[in-house]
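> Provide a 3D model corresponding to the input given below.
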Amino acid sequence: MQTTAEVNIHLRARAHDKLLIDQAVELLGSNRSQFMMASALKEAKNVILEQTSIYVDNQTFQNVLSLLDTPATTEQLEGLQRLNTVKAPWSHE
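Residues are numbered from 1 along each chain as shown. Next up is the predicted model:
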């Protein structure tokens, strides 16, 4: 189900950038607004995922796995419940 857009997002572009976007839009059989919105949302999700990924060495990873295997405390369970109430930035709900 598609909903009507609620806000306008304005941007300025160089003429040759607009032509490039229009070529892609034509190839996809879409329109400029849909294409730009889908592209912007895809990139926004990628940025958020890149900023929330954590890379660690094997020992640290094993320590995390051990923590995950330990039963949660009441305080930790309450924290998880609070986290479950937070909506993802890209959520449509």
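> Return stretch 14-21 as CSV; C-alpha atoms alone will do.
Extracted C-alpha coordinates of stretch 14-21, given in CSV (Å, rounded to 0.1, in the frame of the first residue of the first chain):
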residue,chain,number,x,y,z
ARG,A,14,23.8,20.4,-11.8
ALA,A,15,22.2,20.0,-15.2
HIS,A,16,24.3,17.0,-16.2
ASP,A,17,23.5,15.2,-12.9
LYS,A,18,19.8,15.7,-13.6
LEU,A,19,20.3,14.2,-17.1
LEU,A,20,22.1,11.2,-15.7
ILE,A,21,19.3,10.6,-13.1
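> Now do it: distance to the chain's middle.
26 Å (C-alpha atoms, centre = their mean, to the nearest Å).
> For that stretch, buried residues please.
Buried residues in stretch 14-21, counted by 16 or more other C-beta atoms under 10 Å: none are found. Just so you know, the C-beta spots here come from the backbone N, C-alpha and C atoms, and that holds for glycine as well.
> Let me see the residues that make contact with the helix or strand containing residue 20.
Per DSSP states H and E: residue 20 is located in helix 15-28. Applying C-beta atoms under 8 Å, 6 or more residues apart in numbering, the set of residues contacting helix 15-28 from outside is 13, 31-32, 35-36.
> Show me which positions of the biggest helix by length in the chain end up buried.
Determined from DSSP state H, the single longest helix within the chain is helix 32-52. Residues of helix 32-52 classed as buried under the neighbour-count rule (16+ other C-beta under 10 Å) are 35-36.
> ok, so of the contacts of helix 15-28, who is nearest residue 54?
The closest of the contacts of helix 15-28 to residue 54 turns out to be residue 36 (C-beta to C-beta; 31.3 Å).
> any idea how far residue 24 is from that closest one?
10 Å (C-beta to C-beta, to the nearest Å).
> Please apply the same query to residue 30.
8 Å.
> what's the answer for residue 70, then?
50 Å.
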